[in-house]
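Visitor: Got a predicted model here, sequence first, then my questions.
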Amino acid sequence: MENVKTHPDIIKKTTYSILFIISFSHLINDLLQAVIPSVYPLLKDNFKLSFSQIGLITFTYQVTASVLQPFVGMYTDKKSKPYSLLIGMSFTLIGIYLISIASSFTFLLISVSLIGVGSSIFHPESSRVAHLASGGKKGLAQSIFQLGGNAGSAIGPLLVALIVIPHGQSYIVWFCLIALIGIFVLYKIALWYSDHLSLKNAGKIQNEIIPHHLSKTRVTFSLIILLALIFSKYFYLTSITSYYTFFLIDKFHISIQDSQLYLFTFLGAVATGTLIGGPLGDRFGRKYVIWISILGAAPFTLLLPYVSLFWVGILSVIIGLIISSAFSAILVYATELLPGKVGLVAGLFFGFAFGMAGLGSAVLGNLADTTSITYVFNVCAYLPLLGIITGFLPNIESKKVN
């Protein structure tokens, strides 16, 4: 029998072209997701919604995404489905179109749930693509991938402010063109992914799984800590993404468009911080990046509700830069805790993040109705203090990749 030569260079070499393409597709996916909270002020007026109903819209979308993602991840760990990425974007396309023509609150909930289904399909497999193209630089790869998503989240509100707010709900339909671009880009990714799987099945690509010596109990405990940190991070981020514009309008009496620009600035800082976190984790250790990222944001979150509009803008940028660097480090750290289960880890952590964001939006919306938006920001300011539990994580860092 002919010996099949392996190609370790495929593992060791970082495929930047694929990383940037999958990052761009993540930008498109999260840009389309960002349309939902960005049009809240418009939908609130059109449908006479309460803050609790706005929270329920986010809850419906986020829970739809979060419940399905771990199951998608577990399934694709066993049977990879490259072309499922196109299916996910198609669900998002349909959801965006339906939001543009929605005529009732129930119609809105159905529309956003379809976008949630699309997200649940997209994230586990696209995260696996980033992992496969990393060449061992897993933190860097995950940061590039997350950069796309965060950039999309930042651009979405800006485009909504320019396209939708001046003209009305029906103009959301123009975002369907962006979804079609996403489908085309993901087709290119699916071709590369399929070729990669073919080489792997032929034995021409070596699996690179680095085991550790932690007990199952210690792994479980560590995963619980990481999920608690995700809770802290995303509950706080939800207060910004869903209610920051309302906070600014209520406290400083600025226009909807101006509030969207402040949100864009914050989300731009989040995108920048994401790119920094992964490489720093590769070089200095993911545990330390996680610790600094979440706990280090606390002094600034505690100040935010009490300062002038100028300083709110400055502090929100600082908070975005610091707190956003955690997710890439958390995700890669979790893949090292559970080697060989990239889909499960991505599905679990993306799903939990979305679930916490959805739950946070619903809880905080109800809290805002019964108290005030300012009170919501006062309460959420304490969440980053939970970052102190990072100290209980074990040191399992891989050696840095040169």
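Guide: Arrived safely.

Visitor: Was I right to think Gln257 contacts Val160?
Guide: No: using CB atoms under 8 Å as the test, Gln257 is too far from Val160 to be in contact (9.7 Å). Every residue, glycine included, has its C-beta placed from N, CA and C.

Visitor: higher neighbour count, these two?
Guide: Val160 (28 against 15; other CB atoms under 10 Å).

Visitor: where does the more buried one land on pLDDT?
Guide: Looking at Val160, its pLDDT is 90.

Visitor: nearest residue to it other than its sequence neighbours?
Guide: Ser38 (3.8 Å; CB to CB, 6 or more residues apart in numbering).

Visitor: residues in contact with Phe266?
Guide: 154, 240, 244, 316-317, 319-320 (CB atoms under 8 Å, 6 or more residues apart in numbering).

Visitor: Closest one of these to Thr371?
Guide: Tyr244 (16.8 Å; CB to CB).

Visitor: mind listing what Ile119 touches?
Guide: Not Ile; residue 119 is Ser. Ser119 neighbours (CB under 8 Å, 6+ apart): 29, 33, 65, 69, 88, 92, 354.

Visitor: Take these and keep only those in helices.
Guide: Among the contacts of Ser119, the members falling in helices (DSSP state H) are 29, 33, 65, 69, 88, 92, 354.

Visitor: Can you lay out these as a markdown table showing neighbour count, pLDDT and distance to Gly360?
Guide: A markdown table is the format used below for these (neighbours: other CB atoms under 10 Å; pLDDT from 0 to 100; distance: CB to CB, whole Å):
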| residue | neighbour count | pLDDT | distance to Gly360 |
| --- | --- | --- | --- |
| Asn29 | 28 | 94 | 21 |
| Gln33 | 27 | 89 | 15 |
| Ala65 | 28 | 80 | 14 |
| Gln69 | 30 | 83 | 17 |
| Gly88 | 25 | 93 | 24 |
| Thr92 | 28 | 95 | 22 |
| Phe354 | 26 | 71 | 10 |
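
Visitor: Farthest-apart pair in the contacts of Phe266, please.
Guide: Greatest spatial distance among these (CB to CB): Ala154 and Ile319, at 14.2 Å.

Visitor: before we move on, the earlier item: I'd like the contacts of Ser119 as JSON lines, with distance to Arg283 appended.
Guide: Output for those, formatted as JSON lines (distance: CB to CB, whole Å):
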{"residue": "Asn29", "distance to Arg283": "29"}
{"residue": "Gln33", "distance to Arg283": "31"}
{"residue": "Ala65", "distance to Arg283": "32"}
{"residue": "Gln69", "distance to Arg283": "29"}
{"residue": "Gly88", "distance to Arg283": "33"}
{"residue": "Thr92", "distance to Arg283": "35"}
{"residue": "Phe354", "distance to Arg283": "29"}
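
Visitor: wait, which of those residues is closest to Ser113?
Guide: Ala65 (9.0 Å).

Visitor: hang on, the closest one packs against Phe354?
Guide: Yes: the criterion here is CB under 8 Å, and Ala65 meets it with Phe354 at 4.4 Å.

Visitor: show me the contacts for Leu302.
Guide: The neighbourhood of Leu302, defined by CB under 8 Å, 6+ apart, consists of 381-382.

Visitor: distance of it from Gly73?
Guide: 35 Å (CB to CB, to the nearest Å).
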